[in-house]
Each structure stands twice: as C-alpha cells, then as structure tokens.
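**Student:** 3D model of this:
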Amino acid sequence: MSTLSSSPVVPLRQDARTIGLIGVAHGTSHFFHMLLPPLFPLFIRDFGFTYSELGLLVSTFFVISGIGQALSGFLVDRLGARPILFAALGCFAMAALATATANGYAGLMLAAALAGLGNSPFHPVDFTILNKRVSQRRLGHAFSVHGITGNLGWAAAPVFLAGIAGFSGSWRIAAACAGSWAVLVMLLLFLNRDAIDDRQGQWAHEAAHARAATEKAPEHPLAFLKLPSVWLCFSFFFWSTGALSAIQSFASPALQQMYGLPLAVTSLVVTGFMLSGAAGMAVGGFLVARTERLERVIAACLFGAAALLTLVAMGVLPGSLAATFAALAGFGTGLAGPSRDMLIRRAAPPGTTGRVYGTVYSGLDLGFALGAPTFGVLLDHGSPSGVFYGAALMLLMGIASASFVGIRIARTRVAAGVAA
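**Tutor:** Coordinates of the predicted model:
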C-alpha cells in the first residue's frame, strides 16, 4: 500500500489550522528580518551613521541567525519544536524593546543580535511541525503558504514601521509597536498550542520514515552533511538571498540616487518585491506536483528576474518603470520556494528534519550577512547601479546551483529505475 493511501484521513480544517498558525509565526520572523532596515534613513538623520555601519547591523543579525540556525536544528530534534518557537518570539519582543530604547550604535547592535537569535530556530521549527502535523497530500501547499507568509512579513515591515514612524513622528514608537505584534503572536500560538505540538500527529509518511530508521544501524548525527544535495540547496539559498539582501536593504536609496525618485515611492519597491515573491510562491505550490524538471522553470524565472534588475542598473528606464521592474523581479525568486522546500524534505534522512533544514537555511543567513555590507560599501562609494548589477549576478549563480540540484535528482531517479 502506498504512503499516501495509508495516510489517515485528516480534516482540512485541522491541517489548515496548523498551516495558518505556522504561517503567522513565519511571517513574524520575516517581519523581524526588517526591524531595522526601514528605519535606516532615520538612524542616519539622528545618529549620522554611514551605510557601511548600517550594513554591519544587518550582518550581525544574519551571522547570529546563521550560526544559531545550524545549531538549533539539533536542539529541535532533541527537545521538540514548540517550546523553542515561544522562546524565539520572546527574543523578537526584546529586540523591539532594545530598538525603541537605543541611544546609539551599541543599542542598535544589541537589537540586531537579539533579533538574529530569535530568528535562528524558525526554519527547523516550522518545517518540523509542518512535516509532523500536516498530512502528506497537503504538504506541498503547506510549504507554499509558509513561503508566502514569509514574503508577506517582509512586505509588511517597511509599510508598518515607516508608516507608524511617519504618523507618530518617532521611530521609537514604531519599534515598540513591532514588539507588541510579537507579543500578540505569542498569545495566539499559546491559545492554539495543541495545533503546533510536534509530539503529536505523526502521519503515515513520518511513521514510515521512523520505521525505516529503526531497521538500519544508527548513523552519526552529522552523517547528513555528506549528502551533496544538502550543500547544493545551501548554495542556492546563499546566492538567491544575497540578491534579496541587496533589494531589501539598499534598493530604496539606490533608486533615489540613480533616478531621483522620492522616498515615498522607493520605499514601496521592497514591499512590491515581496508581494511579487508571494505570487511566485503561490504558483510554485502547484508546480511542485505538476512539473517534473523544476530546475528548468526556476532557471527561466531567475533569469527573467536578473534581466529586469540589469535593466534597472543600466539607468535607461524612466524612474517609475525602473521601480516597477525592480519590484516585479521578486516573482522569479518566489517561484522557486515550494520546490526548494520539498526538495530539502526529500533529501532529509529519517529523524534529521531539524538538522537538515537548519543547515540548509543557514545559507540564507550567510547570503544576507555577506550581502548587506558588500552592497552598503558600493553605495558609500557612489555606485548605486552596483546594487542591481550585483543582485542580478547572484541570481545567475543561483541558476547554476538549482541546475545541479535538478541534474542530481534526475540521475538518482534513473539509477532507482535501473535498480527496480
């Protein structure tokens, strides 16, 4: 009997509740990626920081998040995902408080560190809960929703923070409101904690993995690091998020310098990029089940995104069209998300979900950590076009990584067919 046919019949409402709660949590983690960048112009106004100094704040966030993410995967596998999720949200609340009370660079560095610590366990936590709580037939859509809510969190943060700062006249009030959101999400998850309990609801696909694991000799906890697919996915995360780092942190000032657009327009580019990415995620959720060679679709979309960013970098477009093209480039990066997440799940040996997702997603943090200061230096040295050229180049490198992943999958399937 197949795994799918032997899966318990799970009510849609039950799966949807878990997917929705994890989606809210994931959106919150992405929201706190952007706790500081939307306020950069105000920090420059009040403290006189350079873009390089501000880029170092972003690097601090992602260095701590990346190291913590790889380590937290082991913690999730050992202690469970739910308690670590609550601790992470508590770190976000403290990061917002540190931002609201900061009196200089040290205070903002503390905020970046706390936010990075809170962000570190989210992907191991989220995917462990989804893989254990959501039925097999809805898992692809669960990954799609997970990616969409992350992009929505990125999209909401600039509007939320800049909007409240503009309305209230204080970026401190905006940061405090962000902390209130983290507390509200903690309360929501606590009231629905039964739906995110990863000790319950181990469906047939997980049970089959567990049975297979008991039939084999136990492997070393780090044995999964030998899998080439893990590192290929890691590299894809690194390149694609390095490009995203350029857009998130510096697309707005770069467009201002190149095209003379007002801040009110350029600040919407990041939101537009994230919304385009969410649309790509929605389409990608269906492609997981309908497309055999996903890497070809991924390559086409990432190439299209790179082409749009290159046109923006060339400075040949009207200002409003350049801002639109920069925002629309997000669709290509979003499309790859659900396929990538399903690929990681298939690559994860039984009982290593947290470790594999933690390791692979640390590529995301490394891409952000190295990308932000690099693109900040380009701006400081009067090269705003370099932000978009650099992002396009990183997307092309991501195409290479995705292609190698696809080739490896195809070879594995051929070998499996010959063996059968």
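
**Student:** where does residue 56 land on pLDDT?
**Tutor:** Note on residue 56: pLDDT of 87.

**Student:** that one against residue 373, yeah?
**Tutor:** Yes: taking contacts as C-beta atoms under 8 Å, residue 56 lies within contact range of residue 373: 5.8 Å. No exception for glycine: its C-beta is placed from N, CA and C like everyone else's.

**Student:** any regions of the stretch 251-400 of the chain where pLDDT drops low?
**Tutor:** 288-294, 339-340, 343-354 (pLDDT under 70).

**Student:** helices along that one, start to end?
**Tutor:** Assigned by DSSP state H, counting those that start in this stretch, the helices in the stretch 251-400 of the chain fall at 263-290, 294-314, 319-328, 330-335, 337-347, 353-380, 385-419.

**Student:** quick one, the third one and helix 263-290 angle?
**Tutor:** So that's helix 319-328. Orientation note: helix 319-328 sits at an angle of 30 degrees relative to helix 263-290 (axes from the mean of the first three to the mean of the last three C-alpha atoms, to 10 degrees).

**Student:** contacts only, for the nearest residue to residue 58 once chain neighbours are set aside.
**Tutor:** With C-beta to C-beta, 6 or more residues apart in numbering as the criterion, residue 58 has its nearest non-adjacent residue at 3.6 Å, and that residue is residue 372. Going by C-beta atoms under 8 Å, 6 or more residues apart in numbering, residue 372 touches 55-56, 58-59, 62, 245, 249-250.

**Student:** in CSV, list those along with secondary structure and neighbour count.
**Tutor:** Putting those into CSV (DSSP: H, G, I helix; E, B strand; the rest coil; neighbours: other C-beta atoms under 10 Å) gives the following:
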residue, secondary structure, neighbour count
55, helix, 27
56, helix, 20
58, helix, 27
59, helix, 22
62, helix, 28
245, helix, 31
249, helix, 29
250, helix, 31
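
**Student:** would you turn the residues you listed into CSV with distance to residue 297?
**Tutor:** CSV is the format used below for the contacts of residue 372 (distance: C-beta to C-beta, whole Å):
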residue, distance to residue 297
55, 33
56, 37
58, 30
59, 32
62, 28
245, 24
249, 28
250, 29
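
**Student:** ok, which pair from the residues you listed is furthest apart?
**Tutor:** Using C-beta to C-beta, the pair of the contacts of residue 372 lying farthest apart is 62 and 250, separated by 14.8 Å.

**Student:** the strand or helix carrying residue 145 to helix 263-290, inter-axis angle?
**Tutor:** In this assignment (DSSP states H and E), residue 145 forms part of helix 139-168. When the same axes, to 10 degrees is applied, the directions of helix 139-168 and helix 263-290 differ by 170 degrees.

**Student:** for residue 183, see how far away the residue nearest to residue 58 is.
**Tutor:** Residue 372 is 28 Å from residue 183, where distance means C-beta to C-beta, to the nearest Å.

**Student:** and what of residue 302?
**Tutor:** For residue 302, the distance to residue 183 - C-beta to C-beta - is 38 Å.

**Student:** who has more neighbours, those two?
**Tutor:** Using other C-beta atoms under 10 Å, the more surrounded residue of residue 302 and residue 183 is residue 302, with 28 against 14.

**Student:** ok, the more buried one touching residue 395?
**Tutor:** Yes: with contact defined as C-beta under 8 Å, residue 302 counts as touching residue 395 (4.8 Å).

**Student:** what do the two both touch?
**Tutor:** With C-beta under 8 Å, 6+ apart as the test, residue 302 and residue 395 both reach 240, 332-333.

**Student:** stretch 309-329: end-to-end distance?
**Tutor:** Taking C-alpha to C-alpha, to the nearest Å, stretch 309-329 runs 7 Å from one end to the other.

**Student:** oops, could you answer that again for stretch 258-266 instead?
**Tutor:** 11 Å.

**Student:** which outside residues touch it?
**Tutor:** Here stretch 258-266 makes contact (C-beta under 8 Å, 6+ apart) with 41, 251-253, 255-256, 315, 319-320, 322-323, 384-385.
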